[in-house]
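**Q** Sequence first, then the predicted structure:
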Amino acid sequence: MERAWEIARKLAKQTTLNLRYTRVALTQRLKRLVNEGIDYGLALEALPQPIFAIPDDF
């Protein structure tokens, strides 16, 4: 936890523009990975769903 506070103190000394680009650099890969996987995950969730409801007395 001490290391996190040390990094936070260093970041607090940076300019706003520098902090903004640091955030972009750190989150860009994560956002790309989420965006690539979300379509596939939603498709997998939809596969077991029936397209048409079959009545119980069929």
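**A** Looks like it came in fine.

**Q** all helices in the protein, in order from the N-terminus.
**A** Using DSSP state H, the helices of the chain run over 2-12, 16-46.

**Q** looking at the ones you listed, which has the lowest confidence?
**A** By mean pLDDT, the lowest-scoring of those turns out to be helix 16-46, with a mean of 86.

**Q** Number of residues surrounding E2?
**A** Residue neighbour count, defined by other CB atoms under 10 Å, stands at 6 for E2. In this view, the C-beta of every residue, glycine as well, is placed from N, C-alpha and C.

**Q** Could you check how far it is from A8?
**A** 11 Å (CB to CB, to the nearest Å).

**Q** How about R29?
**A** 21 Å.

**Q** sorry, back to before: now tabulate the helices of the chain in TSV and tack on distance to D56.
**A** Shown next, in TSV, are the helices of the chain (distance: least, CB to CB, whole Å):
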stretch	distance to D56
helix 2-12	57
helix 16-46	23
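
**Q** Ok, which of the ones you listed comes nearest D57?
**A** For the helices of the chain, the distance to D57 is smallest for helix 16-46, at 26.7 Å, taking CB to CB.

**Q** can you give me how far that closest one is from the chain middle?
**A** 5 Å (CA atoms, centre = their mean, to the nearest Å).

**Q** and if you look at stretch 31-47?
**A** Using CA atoms, centre = their mean, the offset of stretch 31-47 from its chain centre is 11 Å.

**Q** Equivalent analysis for stretch 15-30, please.
**A** On CA atoms, centre = their mean, the centre of stretch 15-30 falls 15 Å from that of its chain.

**Q** Extract the C-alpha trace of that stretch and format it as CSV.
**A** Provided in CSV are the C-alpha atoms of stretch 15-30 (Å, rounded to 0.1, in the frame of the first residue of the first chain):
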residue,chain,number,x,y,z
THR,A,15,0.4,18.8,-14.8
THR,A,16,-3.2,18.2,-15.7
LEU,A,17,-2.3,17.5,-19.4
ASN,A,18,0.4,14.9,-18.3
LEU,A,19,-2.1,13.2,-16.0
ARG,A,20,-4.7,13.1,-18.8
TYR,A,21,-2.4,11.4,-21.2
THR,A,22,-1.1,9.0,-18.5
ARG,A,23,-4.7,7.9,-17.9
VAL,A,24,-5.2,7.4,-21.7
ALA,A,25,-2.1,5.4,-21.9
LEU,A,26,-3.0,3.1,-19.0
THR,A,27,-6.6,2.5,-20.0
GLN,A,28,-6.4,2.3,-23.8
ARG,A,29,-5.4,-1.4,-23.9
LEU,A,30,-8.0,-2.4,-21.3
